[in-house]
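In: My questions are about this predicted structure, shown below with the sequence.
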Amino acid sequence: MSIELIPAIDLRGGRVVRLFRGDYNQQTTYDVDPLDIARRFKDAGCRWLHVVDLDGARDGRLVNLEIIERLIRETGLWVEVGGGIRTEEVIEYLLAIGAKRLILGTRAISDGDWFRAMVHDTRFRNRLVLGLDARDGRVGTHGWTISGTENPTALEVVRNVAQWPLAAIIYTDIARDGTLVGPNIAATEALVEHTGSIPVIHSGGVGSLNDIRALKHLPIEGIIVGKAIYERTLDVAQAVSELAA
């Protein structure tokens with residue numbers, strides 16, 4: 001099975017944006033309509049869409065819900081949603097309206113007992129994704145605004161959840177995200193060695209077709225790409241074809 005190219009739509013204030021290394025003060029806003037660009041991704045051969053509510057990730061509640069609902073219902077893509085998903089009720093709601101899988105990061109790290117219960121709940125088995133966003137190996141939370149030595153390392157977290165019925169683990173190197181400097185292949189490869197049967201999705205740093213070619217040799221399920229698409233350093237259709245080859 002080929003690796004999925006998963007284009008990203010990050011939302012802030014209803015607009016499509018990208019952050020540089022997770023810094024809310026270093027934001028690029030793109031003059032594109034979220035629904036229109038998502039449909040273009042589908043026309044280019046994508047099956048998945050990665051949607052993050054950046055306002056929600058920082059504030060702890062979904063803010064851009066109306067747009068997210070439309071992306072789920074109107075694009076024909078399998079949509080994975082992250083950012084601000086911190087209650088059982090929100091999980092139930094998003095799955096009920098058709099989200100394919102949900103990404104949990106902050107509460108998954110800060111409240112391990114709750115996250116374990118959600119992952120093992122029969123309603124949510126293999127529908128929840130662990131979002132591991134790491135800076136210098138340690139996990140960042142609250143929209144990447146909180147990180148440091150008090151937070152666990154990504155490998156520590158992975159070892160604890162390796163046997164859980166997770167849909168996937170998304171690993172993002174925060175220092176590379178939004179930079180177009182290339183992916184941290186070594187870190188992703190090291191993480192895969194400890195995830196057991198849980199699929200891993202790479203995120204962060206992809207800037208060109210050569211980066212896609214480098215990542216396609218890893219035993220991963222998907223590659224999330226954002227800024228490279230909007231800056232036009234990567235053609236979506238070419239990347240999809242490369243991964244299918």
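Out: Happy to help now that I have it. All values reported here derive from a predicted model rather than from experimental measurement.
In: Any chance of the backbone angles for Leu19?
Out: Dihedral pair for Leu19: phi -100, psi 150, per degrees, to the nearest 10.
In: Give the burial count for it, as a bare number.
Out: Residues near Leu19, counting by other Cβ atoms under 10 Å, number 22. Any C-beta I mention is one placed from the backbone N, CA and C, and that applies to glycine too.
In: And for Ser197?
Out: By other Cβ under 10 Å, 8 other residues sit near Ser197.
In: and what of Thr29?
Out: Thr29: 12 neighbours (other Cβ under 10 Å).
In: Now do the strands in the chain.
Out: 4-12, 15-20, 23-30, 48-53, 78-82, 101-104, 128-135, 138-139, 168-173, 200-203, 222-225 (DSSP state E).
In: Make TSV out of those and add distance to Lys42 and mean pLDDT.
Out: Below are these laid out as TSV (distance: least, Cβ to Cβ, whole Å; pLDDT from 0 to 100):
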stretch	distance to Lys42	mean pLDDT
strand 4-12	10	98
strand 15-20	16	92
strand 23-30	18	91
strand 48-53	8	97
strand 78-82	10	98
strand 101-104	18	97
strand 128-135	21	92
strand 138-139	32	84
strand 168-173	20	95
strand 200-203	19	97
strand 222-225	15	98
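In: Nearest approach to Leu191 belongs to which of those?
Out: Minimum separation from Leu191 across the strands of the chain (Cβ to Cβ) falls at strand 168-173, 5.2 Å.
In: so the closest one versus strand 78-82, what angle?
Out: 60 degrees (axes from the mean of the first three to the mean of the last three Cα atoms, to 10 degrees).
In: got the angle for strand 168-173 vs strand 4-12?
Out: Angle, strand 168-173 to strand 4-12, by the same axes, to 10 degrees: 70 degrees.
In: Neighbouring strands - and their directions - for strand 168-173?
Out: Applying DSSP bridges to the sheet, strand 168-173 is found paired with strand 128-135 (parallel), strand 200-203 (parallel).
In: Mind exporting the C-alpha coordinates of the longest one to PDB?
Out: Translated: strand 128-135. Extracted C-alpha coordinates of strand 128-135, given in PDB (Å, rounded to 0.1, in the frame of the first residue of the first chain):
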ATOM      1  CA  LEU A 128      -8.300   8.600  17.700                       C
ATOM      2  CA  VAL A 129      -4.800   9.800  16.700                       C
ATOM      3  CA  LEU A 130      -2.100  10.800  19.100                       C
ATOM      4  CA  GLY A 131      -0.500  14.000  18.000                       C
ATOM      5  CA  LEU A 132       3.100  14.100  19.100                       C
ATOM      6  CA  ASP A 133       4.600  17.500  18.400                       C
ATOM      7  CA  ALA A 134       8.200  17.600  19.600                       C
ATOM      8  CA  ARG A 135      10.800  20.300  20.100                       C
END
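In: bridging residues for Tyr171?
Out: The partner residues for Tyr171, given DSSP bridges, come to Leu132, His202.
In: That one: how many residues sit nearby?
Out: By other Cβ under 10 Å, neighbour count at Tyr171 equals 26.
In: Could I get the contacting residues of the nearest residue to Ile3 once chain neighbours are set aside?
Out: Distances taken as Cβ to Cβ, 6 or more residues apart in numbering place Leu243 nearest to Ile3, at 4.8 Å, with adjacent residues excluded. Counting by Cβ atoms under 8 Å, 6 or more residues apart in numbering, Leu243 makes contact with Ser2, Ile3, Glu4, Leu5, Ile212, Lys216, Ile223.
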